[in-house]
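J.: What follows is a predicted structure for the sequence shown.
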Amino acid sequence: AVVSTQSTGTTHGFTCPTCSSKYCEVPVECRICSLTLVCAPHLARSYHHLFPLTQFTETPTEDLIDDSMVCTGCSSGFIDQKHVYRCETCNSYFCYNCDIFVHDMLHHCPGCESQPR
């Protein structure tokens, strides 16, 4: 099934952007063209399920080159940590708690988001 980016809302329901069929509520699969219609807020809430954040690489703390490195998420040191977690995209390091928080709540790497595009 294909997810539409947004369905068109009218005063009396929703219109399929492909074939102009009308529906009273969304989400629904269009009976004419089989396009899955969803409203924009619903799509935004489920975006992280469509494109999940890749798992960070677990790295032993002793493998870090610089002992003064801190967690990108909370800025705490890695003194009591046996492992740190590295984003393969931006090479940022995270403590265990921030790794869990980033994957379960944020769904975006703060290190990647802070880099200029």
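T.: That came in fine, so what should we check first? Predicted model, so just to flag it, every value in this text is computed and none were measured.
J.: Run through the chain and note the low-pLDDT ranges.
T.: For the chain, residues meeting the criterion pLDDT under 70 lie at 1-12.
J.: now with 90?
T.: Along the chain, segments meeting pLDDT under 90 span 1-15, 25-27, 36-52, 62-69, 79-81, 105-107, 113-117.
J.: biggest helix in the chain, by residue count?
T.: Longest helix in the chain by number of residues (criterion: DSSP state H): helix 40-50.
J.: Output the contacting helices and strands for that helix.
T.: Using 3 or more CB pairs under 8 Å, 6 or more residues apart in numbering; DSSP states H and E, no helix or strand is in contact with helix 40-50. (C-beta placed from N, C-alpha, C; glycine too.)
J.: for that helix, which positions count as buried?
T.: L43 (16 or more other CB atoms under 10 Å).
J.: Start the count at 24 instead of 1 going forward.
T.: Happy to do that; since the first residue is 24 now, the last one works out to helix 63-73.
J.: ok now that helix, how far from the chain's centre?
T.: Distance of helix 63-73 from the chain centroid (CA atoms, centre = their mean, to the nearest Å) equals 9 Å.
J.: for the helix or strand following it, packing partners?
T.: Using DSSP states H and E, the helix or strand that directly follows helix 63-73 along the chain is strand 80-83. With contacts taken as 3+ CB pairs under 8 Å, 6+ apart, strand 80-83 sits against strand 106-109.
J.: Name the residues that touch whichever helix or strand comes after the strand it packs on?
T.: Following strand 106-109 in sequence order, the next helix or strand is strand 116-117 (DSSP H and E). The contact list for strand 116-117 (CB atoms under 8 Å, 6 or more residues apart in numbering) reads 79, 82, 87, 92, 94-96, 101, 107-110, 125.
J.: Can you tell me the strand partners of strand 116-117 and which way each runs?
T.: strand 106-109 (antiparallel) (DSSP bridges).
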